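Chemist: test case, fold it:
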Amino acid sequence: MTKHLEKTKDLEKILDLLKDISGGKLEVRLTHFKKETLEKDLADGINNILDQTEAFMKEAILSLYEHNKGTSRVRIDRRGYSGTYSHALFQFNLALDRSLRQKEEIETILENLGQAYMTCDRFGAIKGQPSSISKQIFGIDPVGNNFADILELKDEERKGVLEWVKLVFDEPIDFEDLKPIGPKSFDRVGEKYIELDYQVIRNKKGKIARLVIIGTDKTEERKFKEAAAEEAAYVKAILSMVTDKQNFIDFISEVQNILDYLKKTFAKSRGEIDVSHCFRLIHSVKGGSASFGLRKISQLAHKIENEFTNLNITDTKTIREEMAKKRKPILSSLKILDKDLNAFLDKNDNILGLRKILENPSKELTIKKIESLGRKLKLSAGDESNLYKEYLKDFILEPIGDAFQHFERATVQVGEKLGKEVSFEMFNGSIKFYRHSYKPLISSLIHAFRNAVDHGIESSAERKKSRKKASGKIKVHFKTKTVKGNKWILIEIEDDGRGIDPDIIGPLAVEKGVIKAEDLALLKGEEIIQLVMAAGFSSKEEATDMSGRGVGLDAIKFEAERLKGKAWVESELGKGTRLFVEVPLIQEAKKVR
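Modeler: The predicted structure is shown next:
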């Protein structure tokens, strides 16, 4: 049977006190009870609990005060604790609850934006608790991993990123200046494309304590942009076909010849491969395709270029070993490129009937017949006869400017892509030449115009600082001369950009293995800048669809020399650069070996 307590005045005091305690009053105590009574024992037990609570709260308040010293988040009077415990605890709980709610709100916002965030230390090790969407976005649980592992980086790429992370923590220069050097995107997880951004958390001394990595899922946005870019490129290609039919046909014909050569080369199980030559050819396919709006072809050519990037083209043994591994994947990629080119031609055959023109079996035969007729006329009537001159005028010669028309469109479009305003002018383009003999050279010159805009012409802001007009200029001059009875044509491509600095070019050439340091020391400034035309040279650290492979100007030099001519550059810092190509002027139908 349960024994009921008699409701005495002391018991009523205890009940009232318990009500106060439940209301948050922790500073009260029970006193003045008679000894050896049940009420006294109960009161002592309650007082003991309150004493222990006071000690705990005093320590918590001191810690809370020290943590928030100098801030206005929690205000506590250290001169006395009486009456402050419940208020401090209430404030503490309020701040904690607010902090948790803010964290949840931030995570909800980031997740709705398709953003993940995590923090790492100076060694790239992920610390703390990443946002819950991080695993979904990066395809791996960041906890316990390294930033470089999450990005699936290996070897030099991994080393470079981790060095950048350490540099961020050391902060030799402002973080905002270091931030653009870090990885900008991550697209190795399925079809996802993640853009990366960075912030820092600093300690009380202002030093960087953590690097915050923010990943934004831009997959859908990228797909939309890709679709829009594809549509714009398609329109550009159609315009090229309609407005510049002959140059377009010449380019497609040249690409088909290049692909046939490359497929035969890489289909062989044995035999030497001229890696430099193959690289130049595919690079020209990439540049020309982009200028005519064949975006997918240009992208596929860029991927094939990637297969060459690890080759040491000066080491014959390495070339043999690497080519044994790369023959099949490169051949497979070439077949895909060829298939896509043919698909484009089939899709648009109704526009200009390109298939009929390109696949006409009598095309090459017709050219041979015309060349043969020319030789016969020259022998029988003489090269000064009116008949032979009429033959040249009607069947052979055309203005050289016509072959350069498409470069104006390509130059302006590259400028738009890079956010640069560029104008294009041609002078003396009426000089007549035999176009068929110059096709490979003309195809290679796309690199000169792309490089002039990418490397030479400055941004509008930079040009204004240099007191130049905001719009850059690219000019093309054609001149002829006669040396010992032989006619030559000089093609000059001029830009009014920043110029080439030999003090920058020289060390870069040594770093890339183009020249030895001791040999560089013997060269003059005008000789050093010629190194930009060496195989493998590029002033860009990263290869893009625009430049960075180091084979553009090399291709021009190769084609000029194939025609028994030469190519070189002249430059003045702050004023601009001029590329010269001097080759024999061919004004009759003859085969160039």
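Chemist: what's the end-to-end length of stretch 448-468?
Modeler: 22 Å (CA to CA, to the nearest Å).
Chemist: tell me which residues in that stretch are buried?
Modeler: 448-458, 460, 463, 468 (16 or more other CB atoms under 10 Å). C-betas here are computed from N, CA, C, even on glycine.
Chemist: so which of those comes closest to Val143?
Modeler: Among the buried residues of stretch 448-468, Asp454 lies closest to Val143 (CB to CB), at 41.9 Å.
Chemist: the closest one reaches Leu418, doesn't it?
Modeler: Yes - using CB atoms under 8 Å, Asp454 is in contact with Leu418, at 6.5 Å.
Chemist: circling back: quick check: the farthest pair among the buried residues of stretch 448-468?
Modeler: Using CB to CB, the two most remote members of the buried residues of stretch 448-468 are Ala448 and Ser460, lying 22.3 Å apart.
Chemist: what is the neighbour count of the nearest residue to Ser460 once chain neighbours are set aside?
Modeler: Sequence neighbours aside, Ala470 is the residue nearest to Ser460 in space, at 4.2 Å (criterion: CB to CB, 6 or more residues apart in numbering). Neighbour count of Ala470, defined by other CB atoms under 10 Å: 13.
Chemist: and Arg467, helix, strand or coil?
Modeler: Three-state call for Arg467 (DSSP: H, G, I helix; E, B strand; the rest coil): coil.
Chemist: err, Ala461, not the other one
Modeler: Looking at Ala461 with three-state DSSP, the answer is helix.
Chemist: how about the one 3 residues further on?
Modeler: Secondary structure state of Lys464, per three-state DSSP, is helix.
Chemist: show me the contacts for it.
Modeler: For Lys464, the contact set (CB atoms under 8 Å, 6 or more residues apart in numbering) comprises Ala470.
Chemist: cool, the one 4 residues further on as well?
Modeler: Counting by CB under 8 Å, 6+ apart, Lys468 makes contact with Glu458, Asp496.
Chemist: how close does it sit to Phe424?
Modeler: As judged by CB to CB, to the nearest Å, Lys468 and Phe424 stand 17 Å apart.
Chemist: same question, Ile273
Modeler: 37 Å.
Chemist: again, but for Leu523
Modeler: 33 Å.
Chemist: so those two - more neighbours on which side?
Modeler: Counted by other CB under 10 Å, Leu523 and Phe424 do not tie: Phe424 has more neighbours, with 19 against 16.
Chemist: tell me the SS of that one?
Modeler: strand.
Chemist: the residue lying closest to it once chain neighbours are set aside: neighbour count?
Modeler: Excluding the flanking residues, the one nearest Phe424 by CB to CB, 6+ apart is Glu408, at 4.2 Å. Other residues near Glu408 come to 18 when the count uses other CB under 10 Å.
Chemist: what comes into contact with the helix or strand containing Glu408?
Modeler: Secondary structure assignment for Glu408, by DSSP states H and E: helix 405-417. Helix 405-417 is contacted by residues 236, 240, 244, 247-248, 290-292, 421-422, 424, 426, 445-446, 449-450, 452-454, 457, 472, 474, 476, 546 when judged by CB under 8 Å, 6+ apart.
Chemist: helix or strand with the lowest mean pLDDT in this protein?
Modeler: helix 85-112 (a mean of 57; mean pLDDT, DSSP states H and E).
Chemist: what's the first helix or strand after that helix?
Modeler: Following helix 85-112 in sequence, per DSSP H and E, is strand 115-120.
Chemist: could you give the separation of that following strand from the chain centroid?
Modeler: 22 Å (CA atoms, centre = their mean, to the nearest Å).
Chemist: how about that strand, which residues are buried there?
Modeler: Across strand 115-120, burial judged by 16+ other CB under 10 Å covers Gln115, Ala116, Tyr117, Met118, Thr119, Cys120.
Chemist: before we move on, what about stretch 237-254?
Modeler: Buried residues in stretch 237-254 (16+ other CB under 10 Å): Ala237, Ser240, Met241, Asp244, Asn247, Phe248, Asp250, Phe251, Ile252, Ser253, Glu254.
Chemist: gap between the two ends of it?
Modeler: 16 Å.
Chemist: ok, stretch 142-157 next?
Modeler: Using CA to CA, the end-to-end distance of stretch 142-157 comes to 19 Å.
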